[in-house]
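test case, fold it:
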Amino acid sequence: MEKPVALGVDIGGSHITAALVDLETRTLVKDSIKRSPVNSQESKEVILSAWCDIINKAFKNIKNGARNVGIAMPGPFNYSEGISLIKDQDKFKSLYQINVKEELAKRLDIPVENIHFINDAAGFLQGEVFAGAAKGNASVLGLTLGTGLGSSLCLNYNYKAFDADLWNSEFLDGIAEDYLSTRWFVKRFNKLSGKTVDGVKELVEMVETDHFATRVFMEFGYNLALFLIPIIKEHKIDTVIVGGNIAQSFSAFAPELIATLKGNGIDTQIKISELKEHAALIGAASCCDLSLT
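Residues are numbered from 1 along each chain as shown. Purely as a prediction, here's the structure:
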């Protein structure tokens, strides 16, 4: 009997990545990752052809058996029907109201029912629940911290992660993403020090020598804790998984984050993503695991 293998696909505004996932071992198949830049401003035909090219290349070594594809895709998107609802976002305009699932099925010669879509933030968390840092946890919140704020929930030992869509929730004097993204670091450091940095990585390198950089990370940890407290309480979250570029500086903001949570009587575990950039690939592929439905 052949091993259950599915293709995980991660689609962003400028790229597509695909890899085969062994659903039994819950790991990537060695040397199966395929990547390609894709210009999201292009026509429908150019974008879909580029996606199909990578998907076909990733499937190249699978000679027999059904081809199943799970795709992590940014929203807004009708994930069950496979219809793009993305507009006014400077990406994928040519796909607006297109049934991407049917278009791909036709081009790839794959049955429509073998193609599954999941929100990209939910795909990240589903990967961590299926095979990573959140395996075995009851109720989990996933955060991807970077240029934007991605958030997802997986509750009550359910493998089905879903987009929590918290980026624009009211927070302090604005919305959550104003305080929990790269631009906040850049803006806050500039306000405190009068100096300009390109991003969080640069600030991490300054922490040991620049007290303004240290203060920025402390403030970020405090703000993140304030953001998390009501969500943790509402959903009885036992674990928070942090991914994205800002997660690489976890040690700089973790002390303030954990101290503030503990000061509010919260012992929820805060963990860094184990699967990192592979999380969405594995999470998307896990949508094809019939044992999880």
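
going by C-alpha atoms from here, please, whenever you check contacts or count neighbours.
Will do.

care to break the chain down by domain?
With domains defined by automatic domain parsing, the chain comprises 5-123+278-292, 136-273.

centre of the chain to the longest one, how far?
Remark: domain 136-273 is offset 14 Å from the chain centroid, using C-alpha atoms, centre = their mean, to the nearest Å.

shaky segments in this structure?
1-3, 63-65, 290-293 (pLDDT under 70).

so for stretch 172-186, what gets flagged as buried?
By neighbour count on 16 or more other C-alpha atoms under 10 Å, the buried set for stretch 172-186 is 176-186.

ugh, typo on my part, it should be stretch 262-272
Quick answer for stretch 262-272 (16+ other C-alpha under 10 Å): 266, 268, 271-272.

ok, so of the residues you listed, who is nearest residue 50?
Using C-alpha to C-alpha, the shortest approach to residue 50 within the buried residues of stretch 262-272 belongs to residue 272, at 32.3 Å.

my guess is the closest one meets residue 244, correct?
No. Between residue 272 and residue 244 there is no contact under C-alpha atoms under 8 Å: 9.5 Å.

format the domains of the chain as JSON lines; extra columns: distance to residue 129.
JSON lines is the format used below for the domains of the chain (distance: least, C-alpha to C-alpha, whole Å):
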{"stretch": "domain 5-123+278-292", "distance to residue 129": "8"}
{"stretch": "domain 136-273", "distance to residue 129": "7"}
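
what are the ranges of the helices in this protein?
44-58, 100-108, 120-131, 176-179, 182-193, 200-204, 211-235, 250-263, 279-286 (DSSP state H).

follow-up on the earlier one: what two of the buried residues of stretch 262-272 are the furthest from one another?
Pairwise distances across the buried residues of stretch 262-272 peak at 17.9 Å for 266 and 272 (criterion: C-alpha to C-alpha).

follow-up on the earlier one: please identify the most buried of the helices of the chain.
Scoring the helices of the chain by mean neighbour count under mean count of other C-alpha atoms under 10 Å gives helix 279-286 as the most buried, with a mean of 33.

can I get that helix in PDB, CA atoms only?
Presented in PDB, the C-alpha positions along helix 279-286 are these (Å, rounded to 0.1, in the frame of the first residue of the first chain):
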ATOM      1  CA  ALA A 279       4.100  25.300   8.700                       C
ATOM      2  CA  ALA A 280       1.700  26.500   6.100                       C
ATOM      3  CA  LEU A 281       2.800  23.800   3.600                       C
ATOM      4  CA  ILE A 282       2.200  21.000   6.200                       C
ATOM      5  CA  GLY A 283      -1.000  22.600   7.400                       C
ATOM      6  CA  ALA A 284      -2.400  23.000   3.900                       C
ATOM      7  CA  ALA A 285      -1.500  19.400   3.000                       C
ATOM      8  CA  SER A 286      -3.200  18.200   6.200                       C
END
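
who are the packing partners of that helix?
Contact partners of helix 279-286 among helices and strands, from 3 or more C-alpha pairs under 8 Å, 6 or more residues apart in numbering; DSSP states H and E: strand 5-11, strand 15-22, strand 69-73, strand 115-119, helix 120-131.

just give me how far that helix sits from the chain centre.
Worked out by C-alpha atoms, centre = their mean, helix 279-286 lies 10 Å from the chain centre.

quick one, it and strand 5-11 angle?
130 degrees (axes from the mean of the first three to the mean of the last three C-alpha atoms, to 10 degrees).

distance of residue 106 relative to residue 49?
Between residue 106 and residue 49 the computed distance is 12 Å (C-alpha to C-alpha, to the nearest Å).

residue 81 too?
For residue 81, the distance to residue 49 - C-alpha to C-alpha - is 20 Å.

same check, this time on residue 267
Distance of residue 267 to residue 49, given as C-alpha to C-alpha: 48 Å.

swap in residue 273?
Taking C-alpha to C-alpha, one finds residue 273 at 32 Å from residue 49.

alright, calling it a day.
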